[in-house]
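S.K.: Mind looking at a prediction? Sequence and model below.
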Amino acid sequence: MENVLVHICSFVICTKEGKSYDFDEKAGRWITTVGICFPNEKIEEKYDYDIYVPNEGRYFYYAFVEFDKLELDHIWYVIDKPYDRVLIPMPTVIKESLLEYAREKKCLKVRKNDEMFNSILNTLIENGYVSRPSSDDADLNATNDIDQCYQKGMNFWLGKGYPENKERAILWLKKAADAGHTEAEYMMAYAYLFGLGVDFNRTKSVTWAARAAKKGYSHAEMLMWQLQSFGCQPNEDCLK
């Protein structure tokens, strides 16, 4: 399977069809959802008990299952932002310990603060299922492609593939802007105007806008005009 760069927030133990289960504390049994119906509907599947959820106005029907009979041999790894989840086979080297952990904890979900989380993650990395995110600072220093810098900055800005982080976005956008990337120059102007990822500074904003406007970038021209109407003038010294 192709390695992917991910931000994993949890793992869910499941079947090869992606089905997982819950432990019901009140019943003291593992359960599975067999149906959801409104009060005037009937459920055909066999179930052991039901719960009415008032705020949804529906009944949830559950059946008991035996943990040792469940064919739990896959894992969902869940990415927090943008939300996604990927189903992969459970590596055999951790299957026994993972199922024992789930049996003891009475839960098939392993979160970041669970002691088993790093063990699963390291095993998936070793088996080539995922790649650990590399040091962002190292990537920043090593990357000289200004289009790539701009794109990564926008990914951080918008939360595409990474958790949204305006401060990290600025590091990448500034590197691209310093190298003359027009859209990055405009984004720096926008950031300074609204204090996003940087301290609010109209002089820096109009200076970055002026750089992009000189290349005919219409958004920057409009922004520069608006700032100059407030008496702001470009000053290259403020960017040194």
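M.R.: Nice, I can see it.

S.K.: didn't Asp147 look like it was pressed against His181?
M.R.: Yes - here Asp147 reaches His181: they are 7.1 Å apart, a contact under Cβ atoms under 8 Å. Glycine gets a C-beta too; all of them are placed from N, C-alpha and C.

S.K.: Which one's more surrounded, the two?
M.R.: His181 (21 against 12; other Cβ atoms under 10 Å).

S.K.: hang on, isn't that one packed against Tyr150?
M.R.: Yes - using Cβ under 8 Å, His181 is in contact with Tyr150, at 5.1 Å.

S.K.: Let me see the ranges of the helices in this structure.
M.R.: 92-105, 117-126, 136-142, 146-158, 166-178, 182-194, 202-213, 218-228 (DSSP state H).

S.K.: And the contacts of the last one?
M.R.: Taking Cβ atoms under 8 Å, 6 or more residues apart in numbering as the criterion, the residues outside helix 218-228 that touch it are 182, 185-186, 189-190, 193, 202, 205-206, 208-213, 234.

S.K.: Can you point out the buried residues in that helix?
M.R.: Across helix 218-228, burial judged by 16 or more other Cβ atoms under 10 Å covers 219-221, 223-224, 227.

S.K.: now the second one
M.R.: With burial defined by 16+ other Cβ under 10 Å, the residues of helix 117-126 counted as buried are 117, 120-121, 123-124.

S.K.: quick revisit: any chance of the helices of the chain in TSV, plus mean pLDDT?
M.R.: Rendered in TSV, the data for the helices of the chain read as follows (pLDDT from 0 to 100):
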stretch	mean pLDDT
helix 92-105	92
helix 117-126	84
helix 136-142	62
helix 146-158	89
helix 166-178	90
helix 182-194	94
helix 202-213	93
helix 218-228	91
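
S.K.: Quick one: closest of those helices to Ile43.
M.R.: Proximity to Ile43 (Cβ to Cβ) singles out helix 92-105 among the helices of the chain, at 28.1 Å.

S.K.: same for that closest one, what does it pack against?
M.R.: Helix 92-105 makes packing contacts with strand 8-14, helix 117-126 when contacts are defined by 3 or more Cβ pairs under 8 Å, 6 or more residues apart in numbering; DSSP states H and E.

S.K.: got TSV for these, with distance to Gly57 too?
M.R.: As requested, the helices and strands packed on helix 92-105 are arranged in TSV below (distance: least, Cβ to Cβ, whole Å):
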stretch	distance to Gly57
strand 8-14	28
helix 117-126	37
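
S.K.: Out of those, flag the one nearest Val110.
M.R.: Comparing the helices and strands packed on helix 92-105 against Val110 with Cβ to Cβ, the closest turns out to be strand 8-14 (4.4 Å).
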